[in-house]
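Undergrad: Okay, here's the prediction I keep looking at, along with the sequence it came from:
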Amino acid sequence: VAVTDDAKTSSPLQAASQVAELMLSDQADAKGVVAQHQSKFSTSVGEIYGTALIAGAKKGQAVTTELFYMTRNLSILSSTDDLPNDGEVTLTFAFPKPDKGWPAGDYKLVISTADRATKTVTFQVK
């Protein structure tokens with residue numbers, strides 16, 4: 001997958017970093033990178049992989065990943081990681097299948113940086 005530098009010039013009122021893209025899939029390459037977003041998963045899918053492209057990143061800046069099960073309005077998982085370097089950063093993550101499988105319903109994933117740049121995607125498990 002080719003990553004291009006399409007970073008837009010930001011106004012002083014916007015966050016310094018930007019979550020340019022957020023993609024989920026049941027497949028990822030050897031580095032854990034998702035090539036194409038999918039919005040529907042089966043209850044038996046082993047792992048749901050995620051890739052966030054962050055522009056204007058600052059090394060050491062905290063990025064929080066939050067997964068919500070919207071059908072029951074539950075926060076399932078939240079983790080915070082520090083960005084490994086400045087500039088364009090590709091952040092990869094994966095959610096393993098729960099012991100009893102993925103509950104059917106609607107989910108929301110939110111990625112946010114310490115300087116308040118956010119991106120949200122929704123998906124369904126059927």
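TA: Good, I have the coordinates.
Undergrad: Now do the strands in this structure.
TA: In the chain, the segments counted as strands under DSSP state E are 18-25, 40-41, 47-57, 62-69, 74-82, 87-96, 105-113, 118-125.
Undergrad: which residues touch T118?
TA: Residues in contact with T118 (Cβ atoms under 8 Å, 6 or more residues apart in numbering) are V19, V110, I111, S112. Just so you know, the C-beta spots here come from the backbone N, C-alpha and C atoms, and that holds for glycine as well.
Undergrad: Turn the strands of the chain into CSV, including distance to V34 and mean pLDDT.
TA: Formatted as CSV, these follow (distance: least, Cβ to Cβ, whole Å; pLDDT from 0 to 100):
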stretch, distance to V34, mean pLDDT
strand 18-25, 4, 96
strand 40-41, 13, 98
strand 47-57, 4, 96
strand 62-69, 14, 96
strand 74-82, 17, 93
strand 87-96, 8, 94
strand 105-113, 12, 97
strand 118-125, 11, 97
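Undergrad: Which one of those lies nearest to K31?
TA: Closest to K31 of the strands of the chain, according to Cβ to Cβ: strand 87-96, at 6.8 Å.
Undergrad: I'd like to know which elements that closest one is packed against.
TA: In terms of contacts (3 or more Cβ pairs under 8 Å, 6 or more residues apart in numbering; DSSP states H and E), strand 87-96 is packed against strand 47-57, strand 62-69, strand 74-82.
Undergrad: list the buried ones in that strand?
TA: The neighbour-count criterion (16 or more other Cβ atoms under 10 Å) identifies E88, V89, T90, L91, F93, F95 as the buried residues of strand 87-96.
Undergrad: Run me through the strand neighbours of that strand, direction for each.
TA: When pairing is defined by DSSP bridges, strand 87-96 lines up against strand 47-57 (antiparallel).
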